[in-house]
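K.L.:
pasted the sequence and its predicted model underneath.
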Amino acid sequence: MPEPIAAINEFVVKFANVNGSGSASANELFARSILRMGVPVSPRNIFPSNIQGLPTWYEVRVSEKGYLGRRGGVDLLVAMNPQTWKQDVEELSPGGYLFYDSTRPMPSSAFRDDVTIIGVPLTAICNATYTDARQRQLFKNIIYIGVLSVLLDIDPEVIEKLFGEQYKGKEALIGANKKALKLGRDYAHENLDPDMVKLRVKPVDKVGDRIFMEGNAAAALGCVYGGATVCAWYPITPSSSLAEAFQSFCKRYRHDKETGEANYAIVQAEDELAAIGMVIGAGWNGARAFTSTSGPGVSLMTEFIGLAYFAEVPAVIINVQRGGPSTGMPTRTQQADILAAAYASNGDTKHVLLFPEDPRECFEFGADALDLADRLQTPIFVMTDLDIGMNQRLCNPLSWDDNRTYDRGKVMTAEELDAGKTFGRYLDVDGDGVPFRTIPSTHPTKGAYFTRGTTKDQFARYSEEGKDYIENMERLAKKFETAKSLVPQPIVRQSQEQTRYGVIYFGSTSPAMDEAIDLLQEKGGHVNSMRLRAFPFPNSVKEFIMAHDKVFIVEQNRDGQVRGMLSNELEIDPARLIPICHYDGTPITGRFIARAIGEQMEELKVVSLERAVS
């Protein structure tokens, strides 16, 4: 038997439950109680794509060091689902702790001899206390939270305060939950050795003023602050909660104070194609509009996305990515829609992509995307994913400059038209590739044009002349070049020591990458890092790559999509770019990245030595 794992404020707890059992709120309560004690936590809900009955997991990383990425490995397993018992127990680290419902005896073969077993007769306690079947099921979860609070030294007053906040005004529910919590704590005090578990939560002050929220809610709020007045969407996991959050925020902030009338429109369309069509129509008419969707939705939207690109109509598409292709893994995370979004539609199209790393950037990029769509008169994608979108994440507080004004871009006014200013809807007047537009009804007789998806000349007149087509396509390419200086710029972090290796990553990979860099440094591996925040790639990206012999490209898809884009768009020798790909549907871990890069470094050392010898 290995030594039991001992740790203070640095461990991973995983709950294995049955979907629909009411465990989600109890498990989140567990995470929030530790957070309230000043210890950073990073919870992740891994759930099935049905409503009830299939396995669900909730993993809580406790890290005083501040690591928010998924670590890998489990130190304490709360095994509440017989269906997944074997695979769950196998995941436990040697020296870990197995907590289970011991009401029914289990054969010794079901256990491991290298972990500490903690049996609590949860079902028996519930049966002896409650007569209602639903109460027995729900309060079993709170009872195990009570037991864990004793074993891990979680302050019960913190948990009870969370009850009060969650069930404010519902005293009966507050009392019932406190009772269930006490049942668990009493059993632990009377029947368990408090020192059998050597994992502890110790109050510290490591959270600071950071907030705890989901990326979908943050992106929705960013759209509110960014001036969106139209949202058209079709339900699809994992993006549905984003549109629902936008609706909730609009009800609070987007009603006229005097009349009470709504100054927004939210439409649940009949499908994704209809949703993006409504967004484009609203954008053409001068509104700021967006849709939220996921990979299959983007597939359906591509025809209209191409229209918006070629007709140059502002639109924002928030793609909360999931596992693909086709239906794929609806409730798992990936970064596998990059190519589909960047080049959506037929013909030569290129779209601006923004890559937020956390809820704060979801908020910022949600607002920025609306500015960019107007400024560039084109569809803008915000490429988040399930890991950011549907999981609570610690991040810096959201902030907004009240003096900020919306960037509507080149919009010709009635006064300018009356003054005789030349209006050509697709006329490049200053070399940045972005023409002037007019909003419908700007002027009774001037500034009108025909919006079409077919070839046209600079004044929006139908044309099949090759010269007109080439001029238009080259201007669109020039506009994409202009976007390089407008999108969020990459962030570079230099290694503590000089190195010939670099690493590029983006989006939800960020927290795992932070830890991976530290793990590599502990073993003498050093890399300079660059976090991409947008496509098109600014010039600094190529400069970073060319400054290193080899650059590892870390992404969560099978084919190394961003690696391919870097090679093609920047004309980089692909041999210089080494793919580090993770795509099993679970969030990438720091351990995976550090191990994969470390192995590649060792191989490169061997190759260099062989070349030197030869």
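P.N.:
Received, thanks.

K.L.:
show me where the stretch 51-200 of the chain has strands.
P.N.:
Ranges of strands in the stretch 51-200 of the chain, per DSSP state E, counting those that start in this stretch, are 55-63, 74-79, 92-101, 116-120, 199-200.

K.L.:
nearest residue to the residue positioned nearest the centre of the chain other than its sequence neighbours?
P.N.:
In the chain, the centroid-proximal residue (CA atoms, centre = their mean) is Ile388; its distance is 2.2 Å. Computed as CB to CB, 6 or more residues apart in numbering, the closest residue to Ile388 that is not its neighbour in sequence is Gly215, at 3.7 Å. Quick note: C-beta positions are derived from backbone N, CA and C, even for glycine.

K.L.:
just checking, that neighbour touches Arg393?
P.N.:
Yes - counting by CB atoms under 8 Å, Gly215 touches Arg393, with 6.7 Å between them.

K.L.:
show me how far the one helix or strand Val316 maps to is from its chain's centre.
P.N.:
Secondary structure assignment for Val316, by DSSP states H and E: strand 315-321. Offset of strand 315-321 from its chain centre (CA atoms, centre = their mean, to the nearest Å): 12 Å.

K.L.:
same check, this time on stretch 497-517
P.N.:
Relative to its chain's centre, stretch 497-517 lies at 18 Å (CA atoms, centre = their mean).

K.L.:
repeat that for stretch 453-462.
P.N.:
Here stretch 453-462 shows a centroid-to-chain-centroid distance of 39 Å under the convention CA atoms, centre = their mean.

K.L.:
can you tell me what sits against it?
P.N.:
The contact list for stretch 453-462 (CB atoms under 8 Å, 6 or more residues apart in numbering) reads 306-307, 310-311, 424-428, 435, 449-452, 463-465, 468-469, 471-472.

K.L.:
apply 10 Å and report the result again.
P.N.:
By CB atoms under 10 Å, 6 or more residues apart in numbering, the list of residues contacting stretch 453-462 from outside reads 303-304, 306-311, 422-429, 435, 448-452, 463-469, 471-473, 475.

K.L.:
any regions of this structure where pLDDT drops low?
P.N.:
The model of the chain has pLDDT under 70 over residues 51-52, 606-614.

K.L.:
how is it divided into domains?
P.N.:
7-200, 213-395, 410-486, 491-613 (automatic domain parsing).

K.L.:
ok, which of these comes nearest Lys206?
P.N.:
Nearest to Lys206 among those is domain 7-200 (5.4 Å), distances taken as CB to CB.

K.L.:
and the closest one, end to end?
P.N.:
In domain 7-200, first residue to last residue: 6 Å (CA to CA, to the nearest Å).

K.L.:
check stretch 494-507 too.
P.N.:
End-to-end span of stretch 494-507 (CA to CA): 19 Å.

K.L.:
tell me the buried residues in that stretch?
P.N.:
Neighbour-count burial for stretch 494-507, counted by 16 or more other CB atoms under 10 Å, picks out Ser495, Tyr501, Gly502, Val503, Ile504, Tyr505, Phe506, Gly507.

K.L.:
for the stretch 451-600 of the chain, which segments are assigned as helices?
P.N.:
Ranges of helices in the stretch 451-600 of the chain, per DSSP state H, counting those that start in this stretch, are 466-483, 510-522, 539-546, 561-570, 590-613.

K.L.:
how much space separates the residue nearest to the centre of the chain from Met530?
P.N.:
Distance, Ile388 to Met530, using CB to CB, to the nearest Å: 19 Å.

K.L.:
cool, and Glu270?
P.N.:
Distance from Glu270 to Met530, by CB to CB: 42 Å.

K.L.:
what does Glu465 give?
P.N.:
Glu465 is 43 Å from Met530, by CB to CB.

K.L.:
ok, the two, which is more surrounded?
P.N.:
Taking neighbours as other CB atoms under 10 Å, Glu465 and Met530 compare with Met530 leading, 22 against 10.

K.L.:
right, and the more buried one touches Tyr501 too?
P.N.:
No - between Met530 and Tyr501 there is no contact under CB atoms under 10 Å: 11.9 Å.

K.L.:
what is in contact with the two at once?
P.N.:
Residues touching both Met530 and Tyr501 by CB under 10 Å, 6+ apart: His548, Val551.

K.L.:
looking at the buried residues of stretch 494-507, which one is closest to Gly590?
P.N.:
Tyr505 (11.6 Å).

K.L.:
what's near enough to touch the closest one?
P.N.:
Residues counted as contacts of Tyr505 (CB under 10 Å, 6+ apart) are 335, 355, 357, 512-514, 516-517, 529-532, 552-556, 562, 580, 588, 593.

K.L.:
in ChimeraX, how would I select just the buried ones from these?
P.N.:
Selection of buried members from those for ChimeraX, criterion 16+ other CB under 10 Å:
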select :335,355,357,512,513,514,516,517,529,530,531,532,552,553,554,555,556,562,580,588,593
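
K.L.:
pull out the buried positions in stretch 464-477.
P.N.:
Those buried within stretch 464-477 under the rule 16+ other CB under 10 Å are Asp468, Glu471, Asn472, Arg475, Leu476.

K.L.:
now the first one, nearest residue through space, not along the chain?
P.N.:
Put plainly, it is Asp468. The shortest distance from Asp468 to any residue other than its chain neighbours is 4.5 Å, reached at Asp457 (CB to CB, 6+ apart).

K.L.:
how long is stretch 77-92 from one end to the other?
P.N.:
By CA to CA, the extent of stretch 77-92 from end to end equals 7 Å.

K.L.:
how far is it from where the chain is centred?
P.N.:
Per CA atoms, centre = their mean, the displacement of stretch 77-92 from the mean C-alpha position of its chain is 27 Å.

K.L.:
so which bits of that stretch are buried?
P.N.:
Buried residues in stretch 77-92, counted by 16+ other CB under 10 Å: Leu77, Val78, Ala79, Met80, Asn81, Thr84, Trp85, Asp88, Val89, Leu92.

K.L.:
pretty sure Thr293 contacts Ala275?
P.N.:
Yes - using CB under 10 Å, Thr293 makes contact with Ala275 at a distance of 7.3 Å.

K.L.:
which residues do these two both contact?
P.N.:
Trp233, Tyr234, Ile236, Ala243, Leu300, Met301, Ile317.

K.L.:
nearest to Ala31, of the residues you listed?
P.N.:
Using CB to CB, Ala243 comes nearest to Ala31 of those, at 25.5 Å.

K.L.:
by contact count, what packs against the strand or helix carrying the closest one?
P.N.:
With elements taken from DSSP H and E, the one containing Ala243 is helix 240-253. On a contact count with 3 or more CB pairs under 10 Å, 6 or more residues apart in numbering; DSSP states H and E, helix 240-253 meets strand 211-214, helix 215-225, strand 230-233, strand 265-268, strand 289-293, strand 315-321, helix 359-376, helix 386-389.
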